[in-house]
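A.B. asks: 3D model of this:
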Amino acid sequence: MILVKTQAGQKALKERQGVLSQRQRTAFILFDGRRTLTQVLAATATIGITQRDVQFMVDEGLLEHADTAPRVVTPQACTEGDEGGASPVGERYQAAYLIATELTAGLGLRGLPLNLAVEAATGVESLAALAPRIRDAVGEAKYERLERVLFP
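C.D. replies: Okay, here's the model as predicted:
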């Protein structure tokens, strides 16, 4: 089963609302629409995340099943005059955001601060500002995919 963050979940993460404990926040970040529930639970077992924690996040409306999630563009993915994310800038942001999230989430707990910074990014410019930190953290080879999208 694959879970994804809801709009409410993204807002709670960005605004650091007190719904989630620190260890739940750590697990929450890993729900990126690519990892399965089993993978996230395995990755966070050492900090004590259980199925109950995940169910809490679902019950609070922070996570939902990927197959039922609406396919909408978040407002942060749009820039002025970029309705619906269909413009090249909106598409570039979405692609870069997905790659940056994947790269930083793959760093595990040591990459948590950088992953949070990526989650808070509001456009191509803010992702580009994080690019040097991402490159330093993941290495040149992995970073290359992100560089191609951010700096075409």
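A.B. asks: The lengthiest helix in the chain packs against which elements?
C.D. replies: With secondary structure taken from DSSP state H, the chain has its longest helix at helix 88-105. Identification of packing neighbours for helix 88-105 by 3 or more Cβ pairs under 8 Å, 6 or more residues apart in numbering; DSSP states H and E yields strand 32-36, helix 112-120, helix 124-138, helix 140-150. Bear in mind the C-beta positions are built from the backbone N, C-alpha and C, glycine included.
A.B. asks: Next, the buried residues of that helix.
C.D. replies: Under the neighbour-count criterion of 16 or more other Cβ atoms under 10 Å, helix 88-105 has 89-90, 92-97, 99-105 buried.
A.B. asks: any idea which of those residues is the one closest to residue 52?
C.D. replies: Proximity of these to residue 52 (Cβ to Cβ) peaks at residue 105, which lies at 22.1 Å.
A.B. asks: how does this protein divide up, domain by domain?
C.D. replies: According to automatic domain parsing, the chain comprises the domains 2-68, 75-150.
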